[in-house]
Structures are given as C-alpha cells and as structure tokens.
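**Student:** Curious how this folds, go ahead:
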Amino acid sequence: MLQLQNGFIIRVALVEDDVNFQNTLMKAIQGAPDMSLFSVACTRAQGLLALDQAPADVLLVDLGLPDGCGIDVIRAAHAKWPECHIMVCTTFGDEWHVMQSIEAGASGYLLKDSTPDRMAFEIRSLYGGGSPISPMIARQILMRFRHDDKSVAATKKPVFDKPCTPLSAREKEVLEFITKGFTSDEISNLMHVSRHTVLTYVRRIYAKLEVNSRTEAIYEAHYQGLLAN
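**Tutor:** Predicted coordinates for the structure are as follows:
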C-alpha cells in the first residue's frame, strides 16, 4: 500500500459497466487525496481477470453486468483477496440480490443514488471496518430477519437451554461498538488500543459466533441475548 503523509492511500478497484456511474465513482476516487484508482473493469469476465493482480483494498461491484452477475466477482474476490473490503453499488434492491451478495462476501450494499462526496465517505467507512448500507436495503434486511424469527417461533419451541457463546469482556465491548455503527478506527480510539487489536477482536467474535459479516454478527448476538437491550 502506498503511504500518504498522514495515513495510507486506499487502492480502489471498480467493476462497473454503467458509464455515467463509473464516471461518478472515478471522480470521487480521483478527487480524494487518500485514494487511488487501482483498476477498472466493465464486465464480469474483466472483473474476474482483475483478481489475478495484487489485491486492492476496496472493491466496488455492480451486479447487472453485460456478461453475467457481479455476485460471481464478489465470491471470487472474497476467496482470492480475503483482506479486501467489498461493496455492492447497484440498482438491484430486491431481497435475492441483497442476501446473495452478503453471503458471497460483500460488507456493504449501496443503491446508485449517492453523490461523489458521499461515495468517497462510504469508501472510507468500508475500509475502516464499517458496513455502508442504503437505508432501504437495511430496512429490508431487518424485515427479513424479523420474518425469519417469526417463522422459527411459529414452528419451534424456544430453545432456552442453548448455551450462549462465551465472549470475553473486551470482545463484548467491541461487539457493542459494532452494533452502534462505529468503524474499526473509531473503536480503536474509544478503547485506546491499536486498529490491529480491534480487528483481532472482530475476527475472534466472528469465529465464536460462526458468522462472516457485521450484519450476521449483530443478528446472532441479538438472537443469543449477548447485547444489552
């Protein structure tokens, strides 16, 4: 990663075929002093080929590509670039695309209605450990979880004897900050520890809860009663 005077340059890769939105993203990246445009792909095939390069820090992926679905690129990037932060930028807001993208490895999901300045902010948030999600998509995910809870409650008796996942006091503290939307850098400052330490706690939380994203961690923590109401 290239080093900037007060931090780092965030290397951003794009997989986007919409010329207008591609220009919006490029304008946002090129206008940000802490970002650089790592690569640009316009098709699913080009996006998959770009994954043979050294990994980017952030990958922005459209889902409706001319030769296939961007979810394939997300899934491959999650495997080849495990440290890369992946975000969907698309016009598809239906449940199937949302859930498939998250399961494939995306940590953010934005609809194409953001300004260049807002996109730069969301890229920084994603890189810092956040999960930028358009309000409509966030509501949809919550409704999905609510529906799943009701379905389980209607068909099964509550499992009161299921043991809660044992989290340490510090892991619980990190989990509480995650649910409030704080990024890894913000949590680092609040807890007076390094960002690396925060990410270590996050990985331990994911492993113990058997999840792969912040959204899943929050849902599972609520399900197990690990979070204060």
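**Student:** per-residue pLDDT, Ile205?
**Tutor:** The model reports Ile205 with a pLDDT of 88.
**Student:** what do you get for Met1?
**Tutor:** Confidence score, pLDDT, at Met1: 41.
**Student:** for Ser134, same thing?
**Tutor:** 83.
**Student:** got it, and Met35?
**Tutor:** 94.
**Student:** Please confirm that Leu59 is located within a helix.
**Tutor:** No: counting by DSSP: H, G, I helix; E, B strand; the rest coil, Leu59 is not found in a helix; it is strand.
**Student:** Now for it: which residues touch it?
**Tutor:** Leu59 sits next to Val12, Ala13, Leu14, Val15, Val73, Ile74, Ala77, Trp81, Cys84, His85, Ile86, Met87 when contact means Cβ atoms under 8 Å, 6 or more residues apart in numbering. Placement of C-beta: from N, CA and C, glycine included.
**Student:** Give me the buried positions along the helix or strand containing the fifth one.
**Tutor:** Per DSSP states H and E, Val73 falls inside helix 70-80. When burial is assessed from 16 or more other Cβ atoms under 10 Å, helix 70-80 yields the following buried residues: Gly70, Ile71, Asp72, Val73, Ile74, Arg75, Ala76, Ala77, His78.
**Student:** Dump these into TSV; add pLDDT as well.
**Tutor:** Below are the buried residues of helix 70-80 laid out as TSV (pLDDT from 0 to 100):
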residue	pLDDT
Gly70	93
Ile71	93
Asp72	93
Val73	96
Ile74	95
Arg75	93
Ala76	95
Ala77	96
His78	93
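**Student:** and which of the contacts of Leu59 is nearest to Asp34?
**Tutor:** Distance to Asp34, by Cβ to Cβ, is smallest for Val12 among the contacts of Leu59, at 10.4 Å.
**Student:** could you point out which element follows the helix or strand hosting the closest one?
**Tutor:** Here Val12, judged by DSSP H and E, is contained in strand 10-15. Downstream of strand 10-15, the first helix or strand assigned by DSSP H and E is helix 19-30.
**Student:** Can you spell out which helices and strands pack onto that next one?
**Tutor:** The contact analysis (3 or more Cβ pairs under 8 Å, 6 or more residues apart in numbering; DSSP states H and E) places helix 19-30 against strand 10-15, strand 35-41, helix 116-127.
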